[in-house]
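Chemist: sequence plus predicted model, see below.
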Amino acid sequence: MTATANDASTFEAPGLDWRRQIRFSAIGALSCAFIALAGMPVGLDRRSIVYPVLSLGYLSLFWVPFVLASLAGSQVVLEGMGERERDTRDLAAGALVGLGSALGLVGLMILVKNFNLRDPLVNWSPQLLELLSFNRSTTLGMLLWVVLGTTLGLLGGAMHVVPAMVRAKILTVVLSVLIVSVLQTFLTDLLEGFRLEVFTDFIYYKRGGLEILGALLVAVLAIAIPLLVAGRIKGLRARVQKMPPDERSRVNLVLLGVGAALLLVLPFFLGKIANELLANVGLFVLLALGLNIVVGLAGILDLGYVAFFAVGGYTTAVLTSPNSPGFSPELPWPVALIVVVVLTGLVGLFIGAPVIRMRGDYLAIVTLGFGEIIRLLFLSDWLSGWFGGAQGITNIPGVDVGIGTVKGTDPRSVFLLVLVFCGIAIYVSWRLEHSRLGRAWMAIREDEDVAEAMGVNTTSTKLMAFVVGAVLASFSGAIFSAKVGSIFPTSFIMLVSIIILVVVIVGGMGNIAGVIVGAVVLIGVLGGPKQPGLLQELGQFKLLIYGALLVWMMLKRPEGLVPNVRRSRELHQEEFLQDAWLKGEIDEEDPS
Amino acid sequence: MNMLQILDLSVTFGGLHALRNLDFHVEEGEIVSVIGPNGAGKTTFFNMISGMVTPTSGEILFEGESLLNLDPSQVTERGIARTFQNVRLFANMTILENVMVAQHCRTHQKVFGALLQTKAFKSEEIAIREYGEEVLSFFGSRLIGYRLNQPASVLSYANRRRLEIARAMATRPRLLLLDEPVAGMNPRESAELTALIGRLRSEWGFTIVIIEHDMSVVRDVSDRVVVLDHGETIAQGSYDSVANDPKVVEAYLGRQVQDKNADEETSS
């Protein structure tokens, strides 16, 4: 008997893999215990998601059984393989994974009650036990966890059993409640700008989180709005698709213009907090766009990118502040900016020249070193006559733009200034990507030796990437020092480089839109190295989440949130070729 | 005058003599084949001309000027382009971009041209694109049309080889080094490519050096054949004279066993 790929019945669909379920139970148990011992439930309990039933602290545990159970139940269906019929066994499997996760917590509770390991594990505390027992007796708490875990696991497993439509609806509801709850500060601020605070007062609890009624309202809206609007959007989109290409590009241009105009008007409707937040996001968008040129286009892994941010910031401070200890010309900011750009470009050349001859891991390590060297120079006593050492430089004036002054106390003006520079950075990235230089960068990223053999001077081309990246970072630095008003070496720790890199990777390396989305999501929600995000409570867990997110992205979606076409091709080469083959785009060998 | 002149050239990697006291020359308009058994030093020979390997001693002159101590990109700028034995395209760039990037050393626009979208920048971009399409259309309809904006990785093996040649052509060279251009192609494709190699000289005016194992191709295209073995030239001349040279036969097939008994048997 011959097996053909088209005959689905040829391959028996694999049965439910119980070993996989047990493995996931163990993972769930360990994750729950780890999260609890990392202190997330206790540390995040202050912030409600839905008041008073669900706090961020409990959410940090609740997602584990649900998500793991649904992950454990998912399976890859290969071409020519029948999909297994979903039945009650899937529910049982989900419940098993949920139960396993809960048992991890139950075990932890028993240990916490009977032993004291507080010395190495700071979070091994009575508060943790109290929280895990839902403020009741430990036994009752354990029972509750078993029930809750099993139920959540059951629901996770049920996601595979219910029809796809229902599943999509459930996900929409859960995500919108979460998102609306997280966006509280921002939305309250925004609606206040429109004098619509009645609405936010109704759905939000004053000290954070949605009210139960509010959550219900959001859920209803999340189901209703797509029903009302989806058809029309589809119709519009279809109409745009049918237009001739030049008309379509005109529509896109108009949309882009409207979007930009809205963005420029937005700050005037936002209050201080939201503007401050967006200004911080904007500073990181600038940095991420710059690093994207170096890492995403030219493929140079620069781990010391913060150096250019620091040089930009310090140069601005020295040139504009009256308190600058050594040389204090007190130039106006726009004039200083020209000097800053030139100087940072030169520093880019100076650091780049020795570094650029290295490749891969060596290059990454050396850039890491240079990033630290620059920070230590600003910190050193040797140069403290110029840069103030650990005292830094204070009293940096704002930016005088004629109609007003841009300074930290007026976050709206800072956000507007940042927007302008983000616009410039986007334009620069976009134009350079589609130029002779951009093509040369891509060729170097693909294969440096061949690029060199095809006539690309790799040394000068890579240096150019370094310099352009440095200049974009210096914009950010210059705005940063005018915004904060004072500047210290501690603002330029290595962590800044790492976080910008994570933003670029998670957003989508080599893609301008991806990088912006990455910065908005990560910096906006989690916060930057020092700057708080929407979930300020996350504070100390920020790095843990950054790390976990990075690992998860690398495993599941290495191309980032908004992938660059080329990169996702590269990372999913086989799937891409398979698709092309199915569409008949692969060319067959000529017949002989 | 010789276009390329290599004088007494040696390349050693540690104790290994990849090339030993090599003398070699190519006249303008010639097609020269370099053959030899595996490990004879043929690819090192190309790497050395294109600047990817620095010779230990000797001299390389291209149009009377030394190529020693030049970077590969500078060698390409002087007018020497190459292809690679194990096809090395920019796989995630489109087919058109592959030939566009190869014109790097013939074009000049820098950052400011791109940012300000100057007239010079725009016209240069158009020129790069047009020349790229012209080069690609040399291979018939295989690499143009809807293919232009597809990534190079979807191409069939034979078409990747063609694109590699197109990319080398796009650098506007005078001397073209082809490293096993028909390896992995079927007989029909290799016959077709052989014809194209002839046209590369007659229509585009390239002088060509080929490394090739396929003897029918070597016979059909070359004016002169150079045989390398263990890094040394062991024979050169027309295809027929080289093919019958006992040293060449020995290099490829080994020496005939000089057995006394065998001699006696033949004499008796």
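Modeler: Sure thing, it's come through.
Chemist: contact partners for A:Glu197?
Modeler: A:Thr188, A:Leu191 (C-beta atoms under 8 Å, 6 or more residues apart in numbering or on different chains). (Each C-beta comes from the backbone N, C-alpha and C, glycine too.)
Chemist: and the residue of the stretch 101-250 of chain A found nearest chain B, how far is that from A:Ser491?
Modeler: Minimum separation of the stretch 101-250 of chain A from chain B (C-beta to the nearest C-beta) falls at A:Pro245, amounting to 13.8 Å. Distance from A:Pro245 to A:Ser491, counting by C-beta to C-beta, to the nearest Å: 47 Å.
Chemist: just give the number of residues close to the residue of the stretch 101-250 of chain A closest to chain B.
Modeler: Number of residues near A:Pro245 (other C-beta atoms under 10 Å in any protein chain shown) recorded here: 7.
Chemist: ditto for B:Leu136
Modeler: Here the number of neighbours of B:Leu136 (other C-beta under 10 Å) works out to 26.
Chemist: which parts of the stretch 401-550 of chain A are helices?
Modeler: With DSSP state H, counting those that start in this stretch, the ranges of helices along the stretch 401-550 of chain A come out as A:411-433, A:436-446, A:448-453, A:458-484, A:494-507, A:512-521, A:542-556.
Chemist: what's the closest of these to B:Asp71?
Modeler: Shortest distance between B:Asp71 and the helices of the stretch 401-550 of chain A, using C-beta to C-beta, is found for helix A:448-453: 6.8 Å.
Chemist: quick one: buried residues of the closest one?
Modeler: Buried positions in helix A:448-453, judged by neighbour count with 16 or more other C-beta atoms under 10 Å in any protein chain shown: A:Glu448, A:Val450, A:Ala451, A:Glu452, A:Ala453.
Chemist: over to stretch B:126-146?
Modeler: Neighbour counts over stretch B:126-146 (16+ other C-beta under 10 Å) mark B:Ile128, B:Arg129, B:Tyr131, B:Gly132, B:Glu133, B:Val135, B:Leu136, B:Phe138, B:Phe139, B:Arg142, B:Leu143, B:Ile144 as buried.
Chemist: endpoint to endpoint, that stretch covers what distance?
Modeler: Start to finish, the residues bounding stretch B:126-146 are 18 Å apart (C-alpha to C-alpha, to the nearest Å).
Chemist: next one: stretch B:10-21
Modeler: Separation of the first and last residues of stretch B:10-21 by C-alpha to C-alpha is 5 Å.
Chemist: show me what the mean pLDDT comes to for that stretch.
Modeler: The predicted model assigns stretch B:10-21 a mean pLDDT of 89.
Chemist: and that stretch, how far out from the chain middle?
Modeler: Averaged C-alpha coordinates place stretch B:10-21 at 21 Å from its chain's average position (C-alpha atoms, centre = their mean, to the nearest Å).
Chemist: contact partners for A:Leu59?
Modeler: Each residue near A:Leu59 by C-beta under 8 Å, 6+ apart is listed here: A:Leu44, A:Ile49.
Chemist: you'd agree B:Leu61 is up against B:Leu9?
Modeler: No: using C-beta atoms under 8 Å, B:Leu61 is not in contact with B:Leu9; the gap is 10.8 Å.
Chemist: for these two, indicate the residue with more neighbours.
Modeler: A direct count of neighbours by other C-beta under 10 Å for B:Leu61 and B:Leu9 places B:Leu9 higher, at 22 against 17.
Chemist: which of the three states applies to the more buried one?
Modeler: With DSSP: H, G, I helix; E, B strand; the rest coil as the basis, B:Leu9 sits in strand.
Chemist: quick revisit: and A:Gln573, which of the helices of the stretch 401-550 of chain A is closest to it?
Modeler: Smallest distance to A:Gln573 across these (C-beta to C-beta): 12.9 Å, for helix A:436-446.
Chemist: show me what the closest one is in contact with.
Modeler: Taking C-beta under 8 Å, 6+ apart as the rule, helix A:436-446 contacts A:293, A:297-299, A:432, A:450-451, A:454, A:456, A:458, A:461-462, A:464-465, A:566, B:90-93, B:97, B:100-101, B:104, B:107, B:109-111, B:114, B:124-125, B:128.
Chemist: how far away from the center of its chain is that helix?
Modeler: How far helix A:436-446 lies from its chain's middle: 26 Å, per C-alpha atoms, centre = their mean.
Chemist: what average pLDDT does it get?
Modeler: Helix A:436-446 carries an average pLDDT of 95.
Chemist: that one vs helix A:458-484, what angle?
Modeler: Angle, helix A:436-446 to helix A:458-484, by axes from the mean of the first three to the mean of the last three C-alpha atoms, to 10 degrees: 110 degrees.
Chemist: much appreciated, bye for now.
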